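[1] coords please:
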Amino acid sequence: MKIMKKTLALCIALIGINMTYAQTTTKTTTTHGKSKQSDKKIEVDGVGNKQTYSSDGGDASVEGVNNIITINGYTTKLEVAGSGNIVYADKVSRIELEGSNNKVFYKTSPTKSGKADISLTGVGNSAVKK
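    Numbering: from 1, shown residues only. Predicted coordinates:
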């Protein structure tokens, strides 16, 4: 009887650990590419992804072509590379854009000015506070 109780307790503990991991890490692979969200990192790579994420102070990276991504919450650094990507963000400290015709629209930044620190490389990229 003691062995069965110990085995049951171990199974419950392992299930709990798996549930905790599942809540903090989300990984999706579609015909459009890959996306992954862990505790403090959002990664999107591919073509034509349309997804929404939540962030609480982590970094986000969007790479590829024609992705439309929404990030709710606060993002420390947002990197966008490729062509024709559109990202909507609530609050972001730093934005880095590379490639062509990528657009970021953000509501606010925790800086004194309320504007994000922006680095643009490429043609037709823009980051606009709305």
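[2] surely residue 87 forms part of a helix?
    No - applying DSSP: H, G, I helix; E, B strand; the rest coil, one finds residue 87 to be strand, outside a helix.
[3] I'd like to know which helix or strand in this protein has the lowest mean pLDDT.
    strand 26-30 (a mean of 51; mean pLDDT, DSSP states H and E).
[4] immediately after that strand, which helix or strand?
    Sequence order places strand 33-38 as the next helix or strand after strand 26-30, per DSSP states H and E.
[5] any idea which residue sits dead centre in the chain?
    Central residue of the chain (Cα atoms, centre = their mean): residue 42, 2.7 Å from the mean position.
[6] wait, it sits on residue 56?
    No - Residue 42 is not in contact with residue 56 according to Cβ atoms under 8 Å; the separation is 10.9 Å. Where you see a C-beta, it was placed from the backbone N, CA and C, and this is true even at glycine.
[7] which residues in this structure form strands?
    Listed in chain order, the strands of the chain (DSSP state E) span 26-30, 33-38, 41-47, 50-65, 68-83, 86-100, 103-108, 117-123, 126-129.
[8] least confident of these, on average?
    Of all those, the minimum mean pLDDT falls on strand 26-30 (a mean of 51).
[9] who are the contact partners of residue 56?
    By Cβ atoms under 8 Å, 6 or more residues apart in numbering, the contact set of residue 56 is 40, 73, 74.
[10] just the buried ones from those residues, in PyMOL syntax?
    Command for PyMOL that selects the buried part of the contacts of residue 56, burial taken from 16 or more other Cβ atoms under 10 Å:
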select buried, resi 74
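[11] tell me who's in contact with the residue nearest to the centre of the chain.
    Contact analysis of residue 42 by Cβ under 8 Å, 6+ apart lists 35, 36, 53, 55, 58, 59, 60, 61, 71, 75.
[12] would you list those residues in TSV and tack on distance to residue 88 and neighbour count?
    What follows is the contacts of residue 42, written out as TSV (distance: Cβ to Cβ, whole Å; neighbours: other Cβ atoms under 10 Å):
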residue	distance to residue 88	neighbour count
35	16	21
36	19	15
53	11	18
55	12	22
58	17	19
59	17	16
60	12	24
61	16	16
71	7	25
75	11	27
